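Colleague: what follows is a predicted protein model with its sequence.
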Amino acid sequence: MAWNSTPLEWAMVGSHAAALVESGNLLLAGDRALDHGDWIRMTRQFIDAGTAALKAAEAKSVDGILAAGGDLTESCDTCHARYMRQ
């Protein structure tokens, strides 16, 4: 897939992906984990998907961004279905 983008746009995508990875790390920091099973597994899936998005942005790969986006959505939806606070 072709996408005409500027270096600034790719840098912004990369910055947002890096923020997602760091958000995942914060979910594991200190006593934030709600349990030591699924919470950790789901958060690591989120971090992995964010890392894939970061690598795709660095490679300027639209297909990589789309794949990582699907994985991010799945990891978020799965975790929120289990842990969404009422």
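Modeller: Good, I have the coordinates.

Colleague: separation between the residue sitting nearest the centre point of the chain and T6?
Modeller: By CA atoms, centre = their mean, the chain has its centre lying nearest to G50, at 2.8 Å. Using CB to CB, to the nearest Å, G50 is found at 22 Å from T6. (C-beta placed from N, C-alpha, C; glycine too.)

Colleague: what's around G14, how many residues?
Modeller: 18 (other CB atoms under 10 Å).

Colleague: neighbours around the spatially closest residue to it that is not a sequence neighbour, how many?
Modeller: Take G14 and drop its neighbours on the chain: the residue closest to it by CB to CB, 6 or more residues apart in numbering is A57, 3.7 Å away. Residues near A57, counting by other CB under 10 Å, number 23.

Colleague: you'd agree the residue nearest to the centre of the chain is up against H16?
Modeller: No - applying CB atoms under 8 Å as the test, G50 and H16 come out as separate, 9.2 Å apart.

Colleague: what lies in contact with whichever helix or strand the residue nearest to G14 is part of?
Modeller: A57 is part of helix 38-58, with elements assigned from DSSP states H and E. With CB atoms under 8 Å, 6 or more residues apart in numbering as the test, helix 38-58 has contacts from 10-11, 13-14, 17-18, 20-21, 23-25, 27-28, 33, 63-65, 67-69, 71-72, 74-76, 78-79, 82-83.

Colleague: do you have the helices of the protein handy? List them.
Modeller: Residue ranges of the helices in the chain, as given by DSSP state H, are 7-28, 38-58, 62-83.

Colleague: put the alpha carbons of the second one into PDB.
Modeller: Extracted in PDB, the C-alpha atoms of helix 38-58 (Å, rounded to 0.1, in the frame of the first residue of the first chain):
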ATOM      1  CA  ASP A  38      -4.100 -12.100  32.500                       C
ATOM      2  CA  TRP A  39      -3.300  -8.500  33.300                       C
ATOM      3  CA  ILE A  40       0.400  -9.100  32.800                       C
ATOM      4  CA  ARG A  41      -0.200 -11.200  29.600                       C
ATOM      5  CA  MET A  42      -2.600  -8.700  28.100                       C
ATOM      6  CA  THR A  43      -0.400  -5.700  28.900                       C
ATOM      7  CA  ARG A  44       2.600  -7.500  27.300                       C
ATOM      8  CA  GLN A  45       0.500  -8.100  24.200                       C
ATOM      9  CA  PHE A  46      -0.300  -4.400  24.200                       C
ATOM     10  CA  ILE A  47       3.300  -3.500  24.500                       C
ATOM     11  CA  ASP A  48       4.300  -5.900  21.800                       C
ATOM     12  CA  ALA A  49       1.700  -4.400  19.400                       C
ATOM     13  CA  GLY A  50       2.900  -0.900  20.300                       C
ATOM     14  CA  THR A  51       6.500  -1.900  19.600                       C
ATOM     15  CA  ALA A  52       5.500  -3.400  16.300                       C
ATOM     16  CA  ALA A  53       3.800   0.000  15.400                       C
ATOM     17  CA  LEU A  54       7.000   1.800  16.400                       C
ATOM     18  CA  LYS A  55       9.100  -0.400  14.200                       C
ATOM     19  CA  ALA A  56       6.600   0.000  11.300                       C
ATOM     20  CA  ALA A  57       6.800   3.800  11.700                       C
ATOM     21  CA  GLU A  58      10.600   3.700  11.700                       C
END
